[in-house]
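*Asks:* take this sequence and fold it.
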Amino acid sequence: QVHLVESGGGLVQAGGSLTLSCAASGGTFGRYGMGWFRQAPGKEREFVAAISTNGGQTYYVDSVKGRFTISRDNAKNTVYLQMNSLKAEDTAVYLCAADIDGRPWKVIRAQISYDYWGQGTQVTVSS
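*Replies:* Next up is the predicted model:
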């Protein structure tokens, strides 16, 4: 069983920055592909970014490319999402997820491919 806990959310003005963290416990973190997703009120959950087991591959949704950076520290069992130049439309609950069938070359956006999910952390961007 893998347990994921997100932190780092909050209220920020448009143009500001936040860094989200997702701490994992249980299992072998270095074997998991990791992803970040978000869900805004009244909208479906959407993919944001993914990172392969060794951090060598990353993948972003077009709307965050150049603004968000996903990274991981396998020694700390933690994945991060650095968010810069935040916009009001980035307001959402951000969730991390783990794919236990991870590979060094594998990054995926499909929610169905992820096996474990955190509870989420709220990010609110004021305009």
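
*Asks:* just the pLDDT for the residue sitting nearest the centre point of the chain.
*Replies:* Central residue of the chain (Cα atoms, centre = their mean): Trp36, 2.2 Å from the mean position. pLDDT recorded at Trp36 is 98.

*Asks:* now swap in Gly120 and tell me
*Replies:* 98.

*Asks:* and it, how many neighbours?
*Replies:* Neighbours of Gly120 under the rule other Cβ atoms under 10 Å: 19. All C-beta atoms are positioned from the backbone trio N, CA, C, and that covers glycine.

*Asks:* next one: Gly56
*Replies:* 10.

*Asks:* just checking, it touches Gly102?
*Replies:* No - assessed by Cβ atoms under 8 Å, Gly56 is found out of contact with Gly102, at 11.6 Å.

*Asks:* so where is this protein shaky, pLDDT-wise?
*Replies:* Across the chain, nothing is flagged by pLDDT under 70.
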